[in-house]
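In: Output the structure for:
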Amino acid sequence: MPLDIPPGRDYIVSMLAPTVKLSVAQIAAYHAQGYLALDPITTPEELAKLRAIYDQLFEARAGREEGNHFDLAGTDEEGKAPALPQILAPSKYAPELLQTLLRANCDAIAAQLCGPECIWRFDHAINKPPRSGAATPWHQDEAYWGDDTVYDFALSIWIPFQDVNQHNGCMQFIPGSHRLEVLPHHPINNDPRIHGLELDAGAADVSHPAICPLPAGGCTIHPTRTLHYTAPNLSDAPRRAYILIYHTEPRKLANPRNFYWNHTKHPAREDRAAAAEKAKQFAKAV
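Out: Residues are numbered from 1 along each chain as shown. As a prediction, the model looks like this:
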């Protein structure tokens, strides 16, 4: 997702001691396949608290006026039920998300996979509504990022707050796709009003995915170029996913790439974000 990180949030760390130690085989599998799935990285008690915070944030539509709450897979119109509601930077609205065992273990996982320079930068949450939550189409996370910036290491840790399988939208990956360049994408349904991206048809073979069901509190980890997908939520309960993003310091490219798909879309969230920033600057001026 786009790295619109609030200033001063880059180096916030959990004060709790991590409990996850990856094996040599797990680290090798991550680098060979471009993804890794783990059993729960938090306790049932903490998970219950996280689930309650998560539900409160979505019920309140936290960050709506700033453009941080929006419909990832729809046109994000007021009064219309979202197909795939998302909140960027939920820890901005619930800082207690940052002081958890889950967060400490995610920090440890990222360091074990990519070194201590690969640190937490951002979080977001995607909530697939029951019986109607849309698919998250095949895509690469890096397709959302800037044309002129690259990271030596970057990864996403995806944690479901309930059991997940194909029926409610677990993660699916294309093994080895992390070795690809960033492939052509377009806004979902080729609608420039939609924030979400999907891979161009025929850009890669996605016919043989690795499907990763998980227990609540488990996680998958993948680099930014690994192709991934989640199916619609056909269950009777919300499918809650919380995602933490880690990367090294960015490097500017001498010859920027052309992520034209990001320049042709104009979702409503951008207008809300611009209006909020304008109001913020005006308040500072007076």
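
In: what are the phi and psi angles of Ala108?
Out: When read as degrees, to the nearest 10, the backbone of Ala108 gives phi -70, psi -40.

In: Once you drop chain neighbours, what's closest to it?
Out: Ranked by C-beta to C-beta, 6 or more residues apart in numbering and with sequence neighbours excluded, the top spatial neighbour of Ala108 is Pro18, at 3.6 Å. Backbone N, C-alpha and C define where each C-beta goes, glycine included.

In: and the one you found, how many neighbours?
Out: Using other C-beta atoms under 10 Å, the number of residues around Pro18 comes to 18.

In: Equivalent analysis for Gln56, please.
Out: Neighbour count for Gln56, taken as other C-beta under 10 Å: 12.

In: circling back to that earlier point, which secondary structure element is home to the residue nearest to Ala108?
Out: For Pro18, there is no enclosing helix or strand under DSSP states H and E.

In: Correct me if wrong: it contacts Arg103.
Out: No: using C-beta atoms under 8 Å, Pro18 is not in contact with Arg103; the gap is 9.3 Å.

In: show me the residues around the residue nearest to Ala108 that make contact.
Out: Contacts for Pro18 (C-beta atoms under 8 Å, 6 or more residues apart in numbering) come out as Leu101, Ala104, Asn105, Asp107, Ala108.

In: redo that, cut-off 7 Å
Out: With contacts defined as C-beta atoms under 7 Å, 6 or more residues apart in numbering, Pro18 is in contact with Ala104, Asn105, Asp107, Ala108.

In: Can you report phi and psi for the third one?
Out: Main-chain dihedrals, Asp107, degrees, to the nearest 10: phi -60, psi -40.

In: residue ranges of the helices in the protein, please?
Out: For the chain, the helices defined by DSSP state H cover 24-33, 44-60, 90-93, 101-114, 260-263, 268-285.

In: Show me what the longest one is in contact with.
Out: Okay, so that is helix 268-285. Contact with helix 268-285 is made by Glu65, Glu66, Gly67, Phe70, Asp76, Arg193, His195, as judged by C-beta under 7 Å, 6+ apart.

In: do the third one as well
Out: Contacts with helix 90-93, where a contact means C-beta under 7 Å, 6+ apart, come from Pro6, Leu57, Ala62, Gly63, Leu97, Leu98, Asp123, His124, Ala125.

In: now do the fifth one
Out: Where contact means C-beta under 7 Å, 6+ apart, the residues beyond helix 260-263 that reach it are His185, His186, Pro187, Leu197.

In: In strands, which of those fall?
Out: His185, His186, Pro187, Leu197 (DSSP state E).

In: who does the second one bridge with?
Out: Beta-bridge partners of His186, counted by DSSP bridges, are Glu198.

In: From what I see, it and Ala201 are in contact.
Out: No: with contact defined as C-beta atoms under 7 Å, His186 does not reach Ala201; the gap is 9.3 Å.

In: So if I had to pick from these two, which one is more boxed in?
Out: The neighbour comparison of His186 against Ala201 (other C-beta under 10 Å) goes to His186, with 21 against 9.

In: OK, contacts around that one?
Out: Taking C-beta under 7 Å, 6+ apart, we find His186 in contact with Leu197, Glu198, Asp200, Trp261.

In: between the residues you listed, which has the most around it?
Out: For those, neighbours tallied by other C-beta under 10 Å; top is Leu197, 24 neighbours.

In: Centre-most residue in this structure?
Out: By C-alpha atoms, centre = their mean, the chain has its centre lying nearest to Ile243, at 4.6 Å.

In: Go ahead and confirm that residue touches Ser156.
Out: Yes: using C-beta under 7 Å as the test, Ile243 is close enough to Ser156 to be in contact (5.6 Å).
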